[in-house]
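> Curious how this folds, go ahead:
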Amino acid sequence: MIRTRAWLRYIVFTIICAVGLYAFPGSTEIDAQVFAINIGIDRLENGMMRVTVQMPSGEDDGASASSGNSKSDESDDEQDEHSKQLKRAQQIQQQSKQSGYLIATADGVNFRDALNIMTATLPRLLNMSQVKQIVFSEAFAYDPEFMDLVDFMVNRNSIYNAAQIAICLGSAEEFIREQNLILGARLSKAQDAAWYAHQLVGFVPETHISDIYYAAHSGCCDGMAALCATNMFTSEVSSNVDASGTVYAGQISRSGANLNEYMGSALFGANGMVGRLTGYETQLAQMIRGEIVGMLYMSNGRITELDPRAKPDVAIDLSKDIPRISISVKLYMQIDDASPSVQDVRTQLERELLELVQKCQNMGVEPFGFGKKAVRQFLTFEDWNNYHWRDRFAQADVGISVDIEPIDAA
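This next block holds a predicted model:
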């Protein structure tokens, strides 16, 4: 009897498995899916939304990657609209074969509509669980629908919430098209390495799309995201000899095979983007946030290196109508014969940090995380929400002191 029951259970289990495989043939097989690596979002002039997706094409690796700006020998003026679209599609197809990555776009009235159209036209099921980066055009980041889309993406299980977010000063589609493999064997790994290098210098913040979502809903701190652009080497660069990185993405004086670059940060309020910081201002902001690893600092034509000794000490007094915020930044400064004086660095840095805080106050944003400390003085979330921290911070009395401990550069 026992042996008969065991056999029955085995037969029933086998039938259930067979039915499941028959009912959903290939639905979860990896060969039936294509994995998105980068996503771009643009708002077109006609009001439509364009979604751009970059994914592996299964061709060669990126050793022979070509730029997305390839031009045909025939002038566009001599072609009709249909010929232009066909020629462009052929160029994109050829670029995909060379780079090993496919670029696909779709237009819709909103993100879901464009994604639905794209899903219907791709040769595989689109899987966005491995997305490394989501790029929004700056024009769309200012759009009232931006935060609604962020909410949708974060709450949609199929989109990877730890994807890096970047704001493009220009077309997100063109930026994605230029996101080619320059070094390494895989674009996804190369992007991870590039993000690490960028954030180590401090010119851009490390921000995931979920960070923007939670910052907008917490009321304790506003979000920051990296600025990116395709550098066509046509912009005038900064001539400030006393600060490195006083530019935005797309303005860096350099050369190299990669046209895409990251520099500076976008600032977000509760309803979307409100302004920018240069790469240098982003370094200073991250110093106040306690997230800077180290930075080169220039004063009076001399250069030194500053490294954090500890997290900044922040004291917040809410006993009066206007909050009082006191910040103490503690740094090591490397000293040699070519270094500026400690006093010059301290005076200049205190002034620049205070100017940065005042700039953010004027924009009505608080990206430094002071609210995370202020909220501890309230017993309930209702009391905290009724305090309206963003409005109070804009009027806050802020004092900054810099404590520098010199160390031998040798």
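> Asp107 contacts Met118, correct?
No - the pair Asp107 and Met118 fails to qualify as a contact (CB atoms under 8 Å) at a distance of 9.5 Å. For glycine as for every other residue, the C-beta is placed from the backbone atoms N, C-alpha and C.
> what's the average pLDDT for the helix or strand hosting Val357?
With secondary structure defined by DSSP states H and E, Val357 is part of helix 342-363. Average pLDDT, helix 342-363: 96.
> Tell me the helix or strand right after that helix.
Once the chain leaves helix 342-363, the next helix or strand it forms, by DSSP H and E, is helix 370-374.
> Now do the buried residues in that following helix.
Buried residues in helix 370-374, defined by neighbour count with 16 or more other CB atoms under 10 Å: Phe370, Gly371, Ala374.
> Roughly how far does the last one sit from Gly250?
For Ala374, the distance to Gly250 equals 36 Å [CB to CB, to the nearest Å].
> likewise the first one?
Counting by CB to CB, the separation of Phe370 from Gly250 is 31 Å.
> Show me which of the buried residues of helix 370-374 is closest to Asp321.
Of all these, Asp321 sits closest to Ala374, with 14.1 Å by CB to CB.
> so where does Leu267 fall, helix or strand?
Going by DSSP H and E, Leu267 is part of strand 260-269.
> Partner strands of that strand, with direction?
Neighbouring strands of strand 260-269 in its sheet, by DSSP bridges, are strand 224-230 (antiparallel), strand 272-277 (antiparallel).
> Please identify the most buried of those.
Most buried of these, by mean neighbour count (mean count of other CB atoms under 10 Å): strand 224-230, with a mean of 27.
> how about Ser255, secondary structure?
coil (DSSP: H, G, I helix; E, B strand; the rest coil).
> burial measure for it, as a count.
Neighbourhood size, Ser255 [other CB atoms under 10 Å]: 6.
> mind listing the helices for the chain?
With DSSP state H as the criterion, the chain has helices at 2-23, 81-99, 111-121, 138-141, 146-155, 172-177, 187-201, 209-218, 279-289, 342-363, 370-374, 381-387, 389-394.
> Centre of the chain to the last one, how far?
If you compare the mean C-alpha spot of helix 389-394 with that of the full chain, they lie 25 Å apart, counting by CA atoms, centre = their mean, to the nearest Å.
> Can you dump the C-alpha atoms of that helix in CSV for me?
Output in CSV follows, covering the C-alpha atoms of helix 389-394 (Å, rounded to 0.1, in the frame of the first residue of the first chain):
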residue,chain,number,x,y,z
TRP,A,389,11.4,71.2,6.8
ARG,A,390,12.2,72.3,3.3
ASP,A,391,10.6,75.7,3.9
ARG,A,392,12.3,76.1,7.2
PHE,A,393,15.7,75.1,5.8
ALA,A,394,15.4,77.8,3.1
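> between the buried residues of helix 370-374, which is closest to Leu102?
Gly371 (42.8 Å).
> Do I have it right that the closest one meets Ala215?
No - if you go by CB under 8 Å, Gly371 and Ala215 don't touch, sitting 9.7 Å apart.
> any shared contact partners between the two?
Residues touching both Gly371 and Ala215 (CB atoms under 8 Å, 6 or more residues apart in numbering): Cys221.
> thinking again about what came up before, tell me which residues of the strand holding Leu267 come out buried.
So for strand 260-269, counting by 16+ other CB under 10 Å, buried means Asn260, Glu261, Tyr262, Met263, Gly264, Ser265, Ala266, Leu267, Phe268, Gly269.
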